[in-house]
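[1] Got a predicted model here, sequence first, then my questions.
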Amino acid sequence: MIIKIILLSFIAFAVFRLLRRYYERNITLRWLVMWFLFWFVSALVVAVPEVTSQFAEIVGVGRGADLAVYFAVLALYYLLFRVMVKIERVEKDISKIVEELAIRENQELRIKK
Amino acid sequence: MKTFVVIPAYNEYQTVGRAIQEAKKFADEVIVVDDGSTDATNARGQEAGAVVLRHLLNLGQGAALRTGIRAALDRGADIVVTFDADLQQDAAEIPNLVAPVAAGLAEVALGSRFLGVAVRMPASRRLLLKLAIIFTRVTTGLNLTDTHNGFRVFSRRAAESIRISQNGFAHASEIITEISRLKLKFTEVPVKVCYSQYSLSKGQSGRGAAKIILDLLKGDIFQ
């Protein structure tokens, strides 16, 4: 019971910060909706854990808790993939800049001569 | 025919000077790409009379070659030679690799230490390179005797069409893949490679090989 209260408090705090960020225009409506949904589902799972069992039954997985973990892992892999793609993109951009600088610096030297 | 030698260099101040002096005897111009060195590579390069381009950050040998080849083409190169800064290779063999390309018999000439001579090559290095050869044969279908040799010559056309997207050492495998993809006529030329304490400390290791394979996989997925 204590844990439920602690977790729900944390979730409430997270939602509060989320709304604050939105009103400060630090995040878009899309982010707000996505994260709000995420916290909502988390709160639901914490408050009424049986909900996961019902869902698990529908999907055909053993326990609700297992299903929750499966989802979490899939989501993590997906996010990780997105991050890796982003990093590759950023590295390529950095390379472009560094190489362009090298060429231009050299061209300037040639013009000076 | 204007022949340019491109030397990628990262912290090679001890050897780059001599590498440039040797290469200059057999080329019209030498371009050194200082890949973010933290030592006196840049200064040594300029002292030795090379055109030195400088990367602000260390990007990798592939990126350095990309910059160097681009600079060479900008300056009107008809023939582009890639050459290492660590004195493992013998600049006197540059004409041997340039010859088939200049004569129009091939667009790319690849140096091969296994057709030529490898002095004091450690067994571990030999094994690693042999595995690389098998790997390349399987992935590109090309039957080469040395797949990771920095001593190469490109015709202008080949240099213009080959796309190096790998920044690190995986560029060597990528160049082979490009040759296969573009169906460029290539030839292998025996070269001498001399291993020294210095050059070995800078060469490939088992972990380096693992990174190359990972980089190639990432290149395929994220391209």
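    Done, it's in.

[2] where does chain B have low pLDDT?
    Within chain B, the ranges that satisfy pLDDT under 70 run B:203-205, B:222-223.

[3] Kindly report the residues of it close to chain A.
    Residues of chain B lying near chain A by C-beta under 8 Å from any C-beta of the partner chain: B:33, B:36, B:51-57, B:59, B:63, B:66-67, B:70-71, B:74, B:165, B:167, B:218, B:222. Glycine gets a C-beta too; all of them are placed from N, C-alpha and C.

[4] how far is stretch A:95-103 from where the chain is centred?
    On the basis of C-alpha atoms, centre = their mean, to the nearest Å, stretch A:95-103 sits 32 Å off its chain's mean C-alpha point.

[5] pLDDT averaged over that stretch - what is it?
    The pLDDT scores in stretch A:95-103 average 96.

[6] Report the backbone C-alpha coordinates of the strand or helix carrying B:S180 in CSV.
    Counting by DSSP states H and E, the element that carries B:S180 is helix B:171-181. Once non-C-alpha atoms are left out, helix B:171-181 reads as follows in CSV (Å, rounded to 0.1, in the frame of the first residue of the first chain):
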residue,chain,number,x,y,z
HIS,B,171,36.9,2.3,-44.9
ALA,B,172,39.3,-0.3,-46.3
SER,B,173,36.6,-2.9,-46.6
GLU,B,174,34.3,-0.2,-47.9
ILE,B,175,36.7,0.7,-50.7
ILE,B,176,36.7,-2.9,-51.8
THR,B,177,32.9,-3.0,-51.7
GLU,B,178,32.8,0.1,-53.8
ILE,B,179,35.2,-1.3,-56.3
SER,B,180,32.9,-4.3,-56.6
ARG,B,181,29.7,-2.2,-56.7
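
[7] Please, which helix or strand holds A:V85?
    helix A:64-112.

[8] what's the following helix or strand after the helix holding B:S180?
    Counting by DSSP H and E, what follows helix B:171-181 is strand B:186-194.

[9] Packing partners of that following strand?
    helix B:94-102, strand B:108-119 (3 or more C-beta pairs under 8 Å, 6 or more residues apart in numbering or on different chains; DSSP states H and E).

[10] and the shortest one with strand B:186-194, angle?
    Pointing back at helix B:94-102 there. If you take axes from the mean of the first three to the mean of the last three C-alpha atoms, to 10 degrees, helix B:94-102 sits at 170 degrees to strand B:186-194.

[11] Just the buried residues of helix B:94-102, please?
    B:94, B:96-98, B:100-102 (16 or more other C-beta atoms under 10 Å in any protein chain shown).

[12] Any chance of CSV for the helices and strands packed on strand B:186-194, columns distance to B:N143?
    Output for the helices and strands packed on strand B:186-194, formatted as CSV (distance: least, C-beta to C-beta, whole Å):
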stretch, distance to B:N143
helix B:94-102, 17
strand B:108-119, 12
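
[13] What's the local residue count around B:R120?
    For B:R120, the count of nearby residues is 12 (other C-beta atoms under 10 Å in any protein chain shown).

[14] My error: substitute A:V45 in the last question.
    Neighbours of A:V45 (other C-beta under 10 Å): 18.

[15] likewise A:A68?
    Counted by other C-beta under 10 Å, the residues lying close to A:A68 total 18.

[16] swap in B:V193?
    Count around B:V193 with other C-beta under 10 Å applied: 24.

[17] for it, what are its contacts?
    B:V193 makes contacts with B:88-89, B:113, B:116-119, B:121, B:149, as judged by C-beta atoms under 8 Å, 6 or more residues apart in numbering or on different chains.

[18] now with 10 Å?
    B:84, B:88-90, B:111-114, B:116-121, B:125, B:146, B:149-151, B:199 (C-beta atoms under 10 Å, 6 or more residues apart in numbering or on different chains).

[19] Narrow these to those that are buried.
    For those, buried by 16+ other C-beta under 10 Å: B:84, B:88-90, B:111-114, B:116, B:118, B:121, B:125, B:146, B:149-151, B:199.

[20] That'll do, ta.
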